[in-house]
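Colleague: Fold the following.
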Amino acid sequence: MLCITNNEARRSILLVDGTRRDPDAARLLFEAEGFRVLSASSFDEAKQLMRADPPDVLITELKLGQYNGLHLVLRSRLDHPRMGVIVMSHFADACLAEEAARQHAAFLVRPVGDRELLDAVNHALEGEGEVAR
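Modeller: Model (predicted):
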């Protein structure tokens, strides 16, 4: 569990899900753990949010319309090389997992339990962009 004292700034998470299946469940999970949560439904919206308010951790779905989550990771690494990153997918793919690892991002295959997701976020924060899974 993440512990936050009064004098610590709240860590932030940007959730990017182009399908908008159930963003509220993840938002509620992270907010209950003390995170400030932003969300985007597209590659472009995520880029704008990262430019305006860079998050500590980016969690993106693999599929984002004409782009994919790995494109967003590559783009984010230019301006935020130490940001923690998690790429989520509904299918296992060794090549995509390897590419995520090259970008120091965790690659999680859904379904993912709350504990596994929180552990991945905490690991991403500990590594500050050096996460490889």
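
Colleague: Helices of this protein, start to end?
Modeller: In the chain, the helices defined using DSSP state H lie at 23-32, 43-52, 69-79, 94-102, 114-127.

Colleague: What's opposite the residue nearest the centre of the chain in the beta bridge?
Modeller: For the chain, the residue nearest the mean C-alpha position is residue 59 (1.5 Å; C-alpha atoms, centre = their mean). Beta-bridge partners for residue 59, by DSSP bridges, are residue 15, residue 86.

Colleague: which sections of this structure are below the confidence cut-off?
Modeller: Applying pLDDT under 70 to the chain flags the ranges 1-8, 19-23, 128-133.

Colleague: just to revisit the earlier point, could you list every residue that touches the residue nearest to the centre of the chain?
Modeller: Counting by C-beta atoms under 8 Å, 6 or more residues apart in numbering, residue 59 touches 13, 14, 15, 16, 26, 85, 86, 88, 121. Just so you know, the C-beta spots here come from the backbone N, C-alpha and C atoms, and that holds for glycine as well.

Colleague: Between the helices of the chain, which one is closest to residue 63.
Modeller: Between residue 63 and the helices of the chain, the shortest separation by C-beta to C-beta is 7.4 Å, and it involves helix 69-79.

Colleague: Okay, buried residues for that closest one please.
Modeller: Buried residues in helix 69-79, counted by 16 or more other C-beta atoms under 10 Å: 69, 70, 72, 73, 76, 77.

Colleague: right, and the last one touches residue 103 too?
Modeller: Yes - here residue 77 lies in contact with residue 103, judged by C-beta atoms under 8 Å, at a distance of 6.2 Å.

Colleague: Sweet, I'm off.
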